[in-house]
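J.: with the input below, show me the fold.
(2 chains)
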Amino acid sequence: MSMQLDPEGYQPPRGGLLLLQGLVLLLFFVFFLRFWFLQIHKGDEFARLARENRLRQERIDAPRGLLRASGGELLAENRPAYALGLVREDCKDIASTIAQVSHWTGIPEETLWAKYFKDKPRVKPFQPLVLVSDVPFDLLAQIESNRMLWPGLEIVIRPRRFYLQGPLFAHVLGYVAEANEKELEENSDLALGDAVGKQGLELVLENRLRGNKGLQQLEVDVMGRELNRKMVQEPMAGDSILLSLDFELQRIASEAFEDQAGGLVVMDPDTGKLVALVTQPSFDNNAFAAGLSNKQWSELRDNPYFPLQNRVIQSVYPPGSVWKILMAGLLLKEGIDPRETVFCNGEFYLGKTLFRCWKKHGHGKVDMARSLIESCDVYYYEMLNKIGVDKMEAFAKANGFGEQTGLGLPHERSGLVPSRDWKRKRFGEAWQRGETVITAIGQGFTLVTPVQVACFLGALMNDGKLMQPSLLADSEPVVRRSIPLNEAQRLYLLDAMRRTVEDPRGTAKRLRTPGADIGGKTGTAQVVKLKLKANNERQKFEEMEYWERDHAWMAAWGSKGGKRYVVVCMLEHGGHGGSAAGPIVKKVFDHLFAEEHE
Amino acid sequence: MAIDRRLLTHMNWGLVLMTFLLFCVGVLNLYSASAFMSEEGIAMSSFYQKQLLWGGVGLGGMLLAMVLDYRHWRSLAWPMFILTVVLLAMVPVAGKTIYGAKRWISLGFFNLQPSEIAKIAAILMAAKLLARNSHPLGWGEFIKVVGICLIPAVFILKQPDLGTTLNMLLNVGGIILFRGLSKGVFRTCLIAGPACLPLGWMFMKEYQKQRVLTFLNPGDDPLGSGYHIIQSQIAIGSGEMWGKGFMEGTQSQLRFLPEKHTDFAFAVFGEEWGFVGCLILLVLFCLFLLAIFNTARDAKDRFGSFLSAGVFFYFFWQFLINMGMVMGLMPVVGIPLPFISYGGSATLVNFCLIGLVLNVSMRRFVFKTN
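T.: Predicted coordinates:
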């Protein structure tokens, strides 16, 4: 092995050796002096700082963005709430302090201890651990005056979300509540006790509404008394958001329901903006923001009328005769001449199976327009029996049924458009001809949400453009797709709906509003199979159990002076569409087209 | 080669002793620093145990560095250097991102940090290149050495890891100064160095600029690093003469410092052991450096001497920069304090470099017979 050996007697560079020795000396003296300066010269001062004064950093909550109705009416704001917190580091005797808090508030000690141990790992020793989240005002004064006796106790003022209209907008706005473990882990900006959106727009718009927390530095003494406070970073409020909903219309429509369960949606067909979104019964979302007790929660959850359900998007119903508008559209698209007539004698036989028209003795000779105006079932039995379920399915889907409309609220349902495949998968059975026939009149398996119906009507009015509905005033209109109907076909359907209102025998004649152009279609969707009484007569509405009564639909549009709206109303177990849902829609039109609005 | 008795007699036992003492102090301090964390339930893993484990791994690395004659290491300088550069070049492509920086290559069982190997490779490389002759270093050689060492430095700076880049370049600079360079080069560097500072400022990331600004004005810092410097000074200062006692630190049960077991570990020591303890630790650091200095002086050949000087600078800069940072004399740069800060791969590299110095010291005389 050849090694390049240095000549014997290698001498290290003299300057280099001096340099290294010098650097060691430098290191020693620099830090010797610094230690002396920090620990001896200024030691007393730093010791005092460490003993008596603590610098702390505190996050300042950013005000959550406000929510307003289209006219600027405030719907959600922030109000201060008082909480009682415990700073562990400053507390001399945690056990007796907790006993005292229990004595003041009447909350059992065990409950306070449980909260203490649950939150302890997440709260730093110098931060207040909230024991009682909402302290009544009179108690507050009592605690405040005794606070010096109990070092470590701290009144924490936190913003609390307040919904000024409570139930009226509860389903749209949703609510905030304390962030749970999972949310805290996912977002490091969140601290224990922070409110985050849990439902509705509060959830969907969480990132826009939340804002950025501020930061301040404070110096406190051993008793937790604040010595000084300095803002390091200002909090940034969340965005305030203007909704497209009309405050007054929402109120009027909501009141029109009286004590009936159901949903109503009013939409601008040209933009997809929702002007009203009503669902009844409702609930007070303030209860959630304040923290719901188990009892309150189970009452809401177990209420047989499901007040938490947003019926416009989260409930699905058979469309009933409202479906006939769509089916008539399909016939037009398939090239059926609308003047072609069917003779309705009240009955239709498919093989040996009898299907009845709702009108016992029949409508006589019926063409397409007449079939919509008087809502003749036999016309659709016969016509769609020839078209078949496959085309019905494809057409319904092309018009936005069986999919979410994407209006931007959580848990929207997509409904159901039945098909051969679906039936085989779901029931393991083949599709029956009879099912095609009842599907044609909106019975059977088909399920839709009110907002889907509104979007379809909107597309008929708006050049065939199927819009994405929106609740926000500032959002750009989004066209989901165009429906497969040409202008003449759409105008035919709209005209038939107009005549349904204007014709003396029209089922929607209740909607007539002088000076306005209105079209409508009623629907009465059976919930249970028709029961015949012993004498072969139908049961009267009043004789039926509530849960067996028919759902009432009214799908309508109206236009006056350049303003155009789609209004869809659905009354759960409301009975006949025209008589039950009609008056509600009429009140909406009366308000929309009232003289003083122009 | 068989173990020669002379190898053991000539070994730098002072350096072994100092290393052992410093490592013990570090583990003891980490025990105290992590005890608080477990009480709070923030992190249950005991850093001192992991540090002990890494100490064991480091011992292995040290022995490996000692067994092979250091002049074989010199022959391996080029291959090692090239391998390092290849690994560094792979990091942006195949690397793993932790805390926003891409520094690691995952090998499955552990994460390899090529910049750690680069520290060793750069010292070996610079020592080898500079040991070729003894003339005062002229422009040609100066540019060659600096140019070669800049290659890994640029990769590491991109990761981004300012601390390691700085440490590496300062080591190479240290060896050049130790060797001595021609007056012309020296004067030019003296003038050009400060002139480059504004250029460096332009290339700094926003948070790095913020740290420099914070250092200049610690009271005013939205990111909170000024707050940390103030807190660490309060911790050290409040230790006063005798300290608050082992595990008795109140301030540096430092909930304020996010990195009290790593970059700010010295603050815990300062508070608990006071002026006396700090002075003893400082003396240990100085004796440790002097032990390395001894080998640089007594080495048989130029390469061994330069290698030891490189290791000397490696530790010297870290002592200076980290303690300077913790005590508010320097801006916050992510450079750990050797032996005191927790860090697995840093511990391993420390021990390997000490192994190389011991290697040089052991073979001071044996080669005449080779």
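J.: confirm that residue B:105 sits in a strand.
T.: Yes. Under DSSP: H, G, I helix; E, B strand; the rest coil, residue B:105 falls within a strand.
J.: pick out the residue of chain A closest to chain B.
T.: Chain A approaches chain B most closely through residue A:46 (2.8 Å), counting by CB to the nearest CB. Every residue, glycine included, has its C-beta placed from N, CA and C.
J.: SS state for the residue nearest to residue A:68 when sequence neighbours are not counted?
T.: Closest residue in space to residue A:68, ignoring its immediate chain neighbours: residue A:242 at 5.2 Å, by CB to CB, 6 or more residues apart in numbering or on different chains. Classification of residue A:242 by three-state DSSP places it in strand.
J.: so what's the residue count around residue A:242?
T.: Residues near residue A:242, counting by other CB atoms under 10 Å in any protein chain shown, number 16.
J.: now stretch B:137-150: buried residues?
T.: By neighbour count on 16 or more other CB atoms under 10 Å in any protein chain shown, the buried set for stretch B:137-150 is B:137, B:141-142, B:145-146, B:148-149.
J.: identify the residues contacting that stretch?
T.: Residues from elsewhere that reach stretch B:137-150, judged by CB atoms under 8 Å, 6 or more residues apart in numbering or on different chains: B:81, B:122, B:125-126, B:129-130, B:168-169, B:172, B:176, B:179-182, B:184-185.
J.: just the ones of the residues you listed in helices?
T.: Per DSSP state H, helices hold the following members of those: B:81, B:122, B:125-126, B:129-130, B:168-169, B:172, B:176, B:179, B:184-185.
J.: just the helices in chain B please.
T.: Using DSSP H, helices in chain B cover B:5-9, B:13-40, B:47-67, B:70-75, B:77-94, B:114-130, B:139-158, B:162-179, B:183-203, B:206-216, B:225-237, B:265-298, B:302-326, B:344-362.
J.: make CSV out of these and add distance to residue A:575.
T.: What follows is the helices of chain B, written out as CSV (distance: least, CB to CB, whole Å):
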stretch, distance to residue A:575
helix B:5-9, 105
helix B:13-40, 65
helix B:47-67, 73
helix B:70-75, 95
helix B:77-94, 69
helix B:114-130, 77
helix B:139-158, 74
helix B:162-179, 76
helix B:183-203, 77
helix B:206-216, 68
helix B:225-237, 69
helix B:265-298, 78
helix B:302-326, 80
helix B:344-362, 76
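J.: for residue B:238, which non-adjacent residue is closest in space?
T.: Residue B:238 sits nearest to residue A:50 (CB to CB, 6+ apart), 3.7 Å away.
J.: tally of neighbours for the one you found?
T.: For residue A:50, the neighbour count with other CB under 10 Å is 22.
J.: check contacts around residue B:272.
T.: Applying CB under 8 Å, 6+ apart, we find residue B:272 in contact with B:29, B:32, B:239, B:243-249, B:252.
J.: filter the residues you listed down to the ones near chain A?
T.: residue B:239 (CB under 8 Å from any CB of the partner chain).
J.: ok, back up a step: ok, now which ones touch the residue of chain A closest to chain B?
T.: Taking CB under 8 Å, 6+ apart, we find residue A:46 in contact with A:38-39, B:233-234, B:236-238, B:240.
J.: let's see if you can find the most crowded of those.
T.: When the contacts of residue A:46 are compared by neighbour count (other CB under 10 Å), residue B:236 ends up highest, at 31 neighbours.
J.: tell me the contacts of that one?
T.: Counting by CB under 8 Å, 6+ apart, residue B:236 touches A:35, A:38-39, A:46, B:266-267, B:270-271, B:278, B:326-327.
J.: for those residues, which entry has the maximal number of neighbours?
T.: Most neighbours among the contacts of residue B:236, by other CB under 10 Å: residue B:271, with 33 neighbours.
J.: give me the neighbour count for residue A:430.
T.: By other CB under 10 Å, the residues close to residue A:430 number 9.
J.: next one: residue A:505
T.: If you count neighbours by other CB under 10 Å, residue A:505 ends up with 11.
J.: kindly report the same for the one 10 residues further on.
T.: As a burial measure, residue A:515 scores 9 neighbours (other CB under 10 Å).
J.: roughly how far does the residue lying closest to it once chain neighbours are set aside sit from residue A:499?
T.: Closest residue to residue A:515 apart from its sequence neighbours, by CB to CB, 6+ apart: residue A:560 at 6.3 Å. From residue A:560 across to residue A:499, the span is 18 Å (CB to CB, to the nearest Å).
J.: for residue B:87, same thing?
T.: Distance from residue B:87 to residue A:499, by CB to CB: 81 Å.
J.: so where's chain A shaky on pLDDT?
T.: Chain A contains residues with pLDDT under 70 at A:1-9, A:51-56, A:219-227, A:528-543, A:595-598.
J.: rerun at 50
T.: Applying pLDDT under 50 to chain A flags residues A:1-7, A:222, A:597-598.
J.: longest strand anywhere in it?
T.: For chain A, the strand with the greatest residue count under DSSP state E is strand A:74-87.
J.: in terms of secondary structure, what does it contact?
T.: Where contact means 3 or more CB pairs under 8 Å, 6 or more residues apart in numbering or on different chains; DSSP states H and E, strand A:74-87 is packed against strand A:67-68, helix A:94-105, strand A:128-132, helix A:137-145, strand A:153-163.
J.: buried residues in the fourth one, which are they?
T.: Judged by neighbour count (16+ other CB under 10 Å), helix A:137-145 contains these buried residues: residue A:143.
J.: who's in contact with it?
T.: A:82, A:84, A:104-105, A:135, A:153, A:155.
J.: neighbours of the residue of the stretch 51-200 of chain B found nearest chain A, how many?
T.: Here the stretch 51-200 of chain B gets closest to chain A at one residue, residue B:178, 3.6 Å apart by CB to the nearest CB. When neighbours are counted by other CB under 10 Å, residue B:178 registers 26.
J.: leaving out chain neighbours, which residue sits closest to it?
T.: Counting by CB to CB, 6+ apart, residue A:16 is the residue found nearest to residue B:178 once chain neighbours are left out, at 3.6 Å.
J.: quick one: list the elements packing against the helix or strand hosting that neighbour.
T.: Using DSSP states H and E, residue A:16 sits within helix A:14-35. Of the remaining helices and strands, those touching helix A:14-35 by 3+ CB pairs under 8 Å, 6+ apart are helix B:162-179, helix B:265-298, helix B:302-326.
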